[in-house]
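> Build the 3D model from these lines:
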Amino acid sequence: MKTSCAPRWGIALALALMAGQAAWAAPGVLERVKAGGKLVIAHRESSVPFSYVDADRKPVGYALDLCLKLAEVIRRKTGMKDMPVEFLMVTPASRIPAIEQGKADMECGSTTNNAERREKVAFTVPHFITGARMLVRADSPIDRIEDMEGRKLVSTKGTTPLKAVEQTNRERLLRIQILEAPDHGRAVEMVEKGEADAFVMDDVLLYGLAANRPNPAALKVVGRFLTTEPLAIMISKNDPEFKKLVDEEMRRLILSREIYPFYDKWFTRPIPPRGTALNLPVSYLLRDFWKYPTDQVPF
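Model prediction:
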């Protein structure tokens, strides 16, 4: 009586494939840098003052400065003093895939750490806590989300404020016509041109965007918070060694108060390209959170 070898061959083949996948698995960030690789930092185009491009198209911002500080720690940890840093501009729609697919090592912008995103990526300790409000024209009668009934509201594609306002619209039956913009800059333009009655986004971004428009006085931020947004640097969820290093440095920066000069530079002093100051001191919410800095957030 003959016994089929197919099951044994199937198991052997599966084990061989698994071994091959493990052997060819992408190295972690620190391992790659030690081998002479570069560090890739993803940034945004118009997330003022966190991550944007200045008049010379150079990436700048609060989150960018923090990531460059983290890059110094990576250089020391790996011993690669000449580690090159490359910048990659991403959009709200492309930022998560950029980290998932290994195109960037850190996304240094204004991305909210929430449960849905943590299924795909990881986050370090939040560098800011904000909430979504509305940007409207200065002569607008709109003061709260209920005033938007039957009107046009825009938000940026792929953002948590967009999802939040869609849910609010359904639950309250406000009949708001919700529009999607490809980026923050375009959303502000839509409000200025009357294509939308309001733009919903994190309030600190709205203040920054308005401050850098040709006529900042023509816009205003209104309404109660629609969301709570802990903003953090995004990294791969499959690189625990790298995450541990980044988390430790973020906690050190916060507990030593070294992070405060970074904050003051971008939120209380004049910033490029127009030299306008946002005049936003550290909020009580962020100050309390930084007493016990952690990457664990209840959202």
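> what element comes up after the helix or strand of the chain with the lowest mean pLDDT heading to the C-terminus?
Within the chain, no helix or strand scores below helix 6-23, which has a mean of 47 by mean pLDDT, DSSP states H and E. Counting by DSSP states H and E, the element after helix 6-23 in chain order, helix or strand, is helix 29-34.
> Quick check: buried residues in that next one?
Within helix 29-34, the residues scored as buried using 16 or more other Cβ atoms under 10 Å are 29-30, 32-33. Placement of C-beta: from N, CA and C, glycine included.
> Using PDB, list the CA coordinates for the next helix or strand after it.
Next helix or strand after helix 29-34 toward the C-terminus (DSSP H and E): strand 39-43. C-alpha atoms of strand 39-43 as PDB (Å, rounded to 0.1, in the frame of the first residue of the first chain):
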ATOM      1  CA  LEU A  39      16.800  58.100   7.400                       C
ATOM      2  CA  VAL A  40      13.700  59.200   5.500                       C
ATOM      3  CA  ILE A  41      11.500  61.800   7.200                       C
ATOM      4  CA  ALA A  42       8.000  62.300   5.700                       C
ATOM      5  CA  HIS A  43       6.600  65.900   6.000                       C
END
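> List the neighbours of strand 39-43 that are in contact with it.
Contact with strand 39-43 is made by 29, 33, 51-53, 59, 61, 63-64, 67-68, 71, 74, 83-90, 95, 98-99, 103-109, as judged by Cβ atoms under 8 Å, 6 or more residues apart in numbering.
> Show the buried residues in these.
Buried among the contacts of strand 39-43 by 16+ other Cβ under 10 Å: 29, 33, 51-53, 59, 61, 63-64, 67, 71, 74, 83, 88-90, 95, 98-99, 104-109.
> So for this structure, which residue is the most central one in space?
The chain has T111 as the residue nearest its centroid, 2.0 Å off, counting by Cα atoms, centre = their mean.
> quick one, phi psi at the nearest residue to it once chain neighbours are set aside?
Excluding the flanking residues, the one nearest T111 by Cβ to Cβ, 6 or more residues apart in numbering is M234, at 5.1 Å. Main-chain dihedrals, M234, degrees, to the nearest 10: phi -100, psi 140.
> what's across from M234 in the sheet?
E107, F123 (DSSP bridges).
> any idea how far P240 is from it?
15 Å (Cβ to Cβ, to the nearest Å).
> number of nearby residues for the residue nearest to A26 when sequence neighbours are not counted?
Excluding the flanking residues, the one nearest A26 by Cβ to Cβ, 6+ apart is G102, at 5.8 Å. G102: 14 surrounding residues under other Cβ atoms under 10 Å.
> a strand runs through G102, doesn't it?
No - when DSSP: H, G, I helix; E, B strand; the rest coil is applied, G102 is found to be coil, with no strand at that position.
> Please, where are all the helices along the chain?
6-23, 29-34, 62-78, 95-100, 115-118, 160-172, 184-192, 203-211, 240-255, 259-267, 284-289 (DSSP state H).
> so what's the nearest residue to V221 once chain neighbours are set aside up against?
Nearest residue to V221, sequence neighbours excluded (Cβ to Cβ, 6+ apart): L206, at 4.9 Å. By Cβ under 8 Å, 6+ apart, the residues touching L206 are 133-135, 199, 221.
> ok, back up a step: deepest of the helices of the chain, which one?
Ranked by mean neighbour count, the helices of the chain are led by helix 203-211 with a mean of 25 (mean count of other Cβ atoms under 10 Å).
> can you state the direction angle for that one and helix 62-78?
Orientation of helix 203-211 against helix 62-78 (axes from the mean of the first three to the mean of the last three Cα atoms, to 10 degrees) gives an angle of 120 degrees.
> Distance from the chain centre to helix 203-211, please.
Distance, stretch centre to chain centre, for helix 203-211: 15 Å (Cα atoms, centre = their mean, to the nearest Å).
> Was I right to think V188 contacts L209?
Yes - using Cβ atoms under 8 Å, V188 makes contact with L209 at a distance of 5.1 Å.
> Name the residues contacting each of those two.
L135.
> burial measure for the closest residue to F225 other than its chain neighbours, as a count.
Using Cβ to Cβ, 6+ apart and skipping the chain neighbours, the partner closest in space to F225 is G131 (3.3 Å). By other Cβ under 10 Å, 18 other residues sit near G131.
> Same question for H43.
Neighbours of H43 (other Cβ under 10 Å): 26.
> That one and L64, how far apart?
For H43 relative to L64 (Cβ to Cβ), the value is 6 Å.
> can you check S51 too?
5 Å.
> which neighbours do these two share?
43, 108.
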